[in-house]
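[1] Need coordinates for the following:
(one chain, ligands or ions: 1)
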Amino acid sequence: MYFLYRYLLIISVAALIFPTRSDAQTRQLVQLKTVVIDAGHGGKDPGTIKGNVQEKNITLSVAKALGNMIQDKYPDVKVVYTRSTDKFVPLDQRAAIANKNKADLFISIHVNATKATSARGTETFVMGLDKSNSNMEVCQLENSVLTLEEGYNSKYSGFDPKNPESYIIFSLLQNSHLEQSLIIAEAVQNELKNGPITHNRGVKQAPFLVLWKCTMPSILVELGFLSNPTDYKALTTKSSQVQFATRIFKAFEAYKKQYDTQIELPAQTDSEGIFRIQVMSSSRELPKGSAEFKGLDCEYVKVGNVYKYTVGRFDSREEASKELAKVKNLFPGAFIGTFK
Ligand SMILES: [Zn+2]
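    Purely as a prediction, here's the structure:
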């Protein structure tokens, strides 16, 4: 009897400490659980080459170091590699791996090169088309990989990475996760500027095919220029490669912290805010009835420089969830957000 009493006491204390089921329902207990790390290029595709140095080996070295750091510190986070050996992986398959694993974050790692040896520094890209098209050179270079893929012409609907007109399709782009992608991209650049390559080229937007089909926040990091002698030294030194991984890991940590905290906030009620389904976000203001909305009646909320496009206004998450299932047919990356 005494033991039973003590047992009951433990249960009741536990009930005070741990949230009950109904508490759990008013909170979104979602955390960053899966990250996909994408080592650029591989196999028959060496990427950028300088002498006997090949981009594919640098990206794999940094990707693995980063994955190990995440795994060591966060054993609960699932780390998925698009490749962990020197093998060829088509661009669309890299996104498919991320989507299949329901990843919360996609990090693609690359190294840059240009004809001008003066170009140097690190930069991080998010998917999109910037008005000036100023990032086309690096973007075309990275996208040109797909011509090595068998049957690429039919697979990418005649997309020619070298032809600027091919990129017009991206003006009809849906990007559900622009603001989250920008947050992790900023975090990465914030860390990378501390070295080993300190020149910070900033966060940019360009239509990288590898990011195109990812249905989660995703970034492409260009660690530096093999064509620049100073960058070359940092890129090809093993200890510097570990340093690159450490910087990106720190950015990952900062991002995970804000991601987990943000999602664990109690769900807002209708007095504090309403639920809407976010279908995409863009740096552009789109007029009512735009083709991008696919016939849905979208409105937007502007946060910083990002327009968040939403459909519906719901008093509860449950109501929004019912509608979300339908919206996802048109916008697979759609999700429920609360708005004041
Ligand atoms: Zn590359």
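
[2] Would you mind measuring from residue 72 to the ion?
    27 Å (C-beta to the ion, to the nearest Å). Just so you know, the C-beta spots here come from the backbone N, C-alpha and C atoms, and that holds for glycine as well.

[3] give the contact list for that residue.
    Residue 72 makes contact with no residue, according to C-beta atoms under 8 Å, 6 or more residues apart in numbering.

[4] Secondary structure of it: a strand, I assume?
    No - read with DSSP: H, G, I helix; E, B strand; the rest coil, residue 72 is helix and lies in no strand.

[5] How about the residue of the stretch 151-300 of the chain found nearest the ion, nearest residue that isn't a chain neighbour?
    Nearest residue of the stretch 151-300 of the chain to the ion (C-beta to the ion) works out as residue 222 at 7.6 Å. Using C-beta to C-beta, 6 or more residues apart in numbering and skipping residues adjacent in sequence, the residue nearest residue 222 is residue 112, 4.5 Å away.

[6] can you pull up the bridge partners for the one you found?
    Legend: beta-bridge partners of residue 112 under DSSP bridges are residue 225.

[7] That one touches residue 220, doesn't it?
    No - using C-beta atoms under 8 Å as the test, residue 112 is too far from residue 220 to be in contact (10.6 Å).

[8] related to what we said a few turns ago, can I assume the residue of the stretch 151-300 of the chain closest to the ion is in contact with residue 138?
    Yes - in this structure residue 222 lies within contact range of residue 138 using C-beta under 8 Å: 6.6 Å.

[9] Which parts of the stretch 151-300 of the chain are strands?
    Taking DSSP state E, counting those that start in this stretch as the criterion, the stretch 151-300 of the chain carries its strands at 200-206, 218-225, 274-282, 299-303.

[10] now the closest residue in space to residue 44 that isn't next to it in sequence: how far from residue 65?
    Nearest non-adjacent residue to residue 44, counting by C-beta to C-beta, 6+ apart: residue 88, 5.1 Å away. Look at residue 88 and residue 65: by C-beta to C-beta, to the nearest Å, they are 22 Å apart.
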